[in-house]
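Student: mind looking at a prediction? Sequence and model below.
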Amino acid sequence: MNTQKKIFLLPYRFQIVGCVIAVVSTVVFFWGLFTSNKPAIQNDWMTFGYAFLLFGVFLIGLSREKVEDEFTLFMRTRSALTAIAIMLGLRIILALTLSILAVSVSAETFNNPHLARVGKALLKLTNYSGAFILYFLLYKVRLARYNIRMARESQEENDQTA
């Protein structure tokens with residue numbers, strides 16, 4: 001009897017679709033960044049590019065691999081937990097830093113628009129989309145390192161038998 005629960009993952013072909021969407025949306029994002037003189041929050045091209053980039057990364061991150069086994073599930077889980085821990089740690093550090101700045105510096109310095117822009121950017125970086133992008137990057141890097149190690153070990157076995 002198979003007691004292992006089946007997790008929901010998209011078919012492998014969604015990784016290809018996600019890659020195309022991510023590349024096109026990244027180009028759109030940077031095109032909007034460099035061609036518009038509007039602030040980033042009001043720039044429609046940047047907003048659409050960022051939204052579709054997240055959608056593309058979502059498709060890639062939640063699609064099956066060509067070979068989906070228990071080890072890839074373990075790597076997915078480990079990457080998700082690592083991403084959550086890192087983002088939580090960054091949020092705590094950011095909250096403490098902003099609290100210390102609010103108490104220790106003058107009101108004029110704390111209300112500096114550049115400092116506020118940096119704080120908002122850091123808050124956006126540590127939100128759910130940032131955590132998902134970090135999960136995706138951690139998972140793909142770990143999977144690539146594992147595949148390289150397995151290929152190297154296979155090559156060494158072939159060299160020893162030859």
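Tutor: Arrived safely, thanks for sending. Numbering: from 1, shown residues only.

Student: buried residues in the helix or strand harbouring Arg145?
Tutor: With secondary structure defined by DSSP states H and E, Arg145 is part of helix 128-161. Neighbour counts over helix 128-161 (16 or more other CB atoms under 10 Å) mark Ser129, Gly130, Ala131, Phe132, Ile133, Leu134, Tyr135, Phe136, Leu138, Tyr139, Arg142, Leu143 as buried. Every residue, glycine included, has its C-beta placed from N, CA and C.

Student: please name the residues that touch the first one.
Tutor: Pointing back at Ser129 there. Leu54 (CB atoms under 8 Å, 6 or more residues apart in numbering).

Student: before we move on, what about the third one?
Tutor: Ala131 makes contact with Ala83, Ile84, Met87, according to CB under 8 Å, 6+ apart.

Student: gap between it and Lys140?
Tutor: According to CB to CB, to the nearest Å, Ala131 and Lys140 sit 15 Å apart.

Student: which one is the residue sitting nearest the centre point of the chain nearest to, not counting chain neighbours?
Tutor: What sits nearest the mean C-alpha location of the chain, by CA atoms, centre = their mean, is Ile133, with 1.1 Å. Distances taken as CB to CB, 6 or more residues apart in numbering place Val57 nearest to Ile133, at 5.7 Å, with adjacent residues excluded.

Student: what number of residues lie near that neighbour?
Tutor: 21 (other CB atoms under 10 Å).
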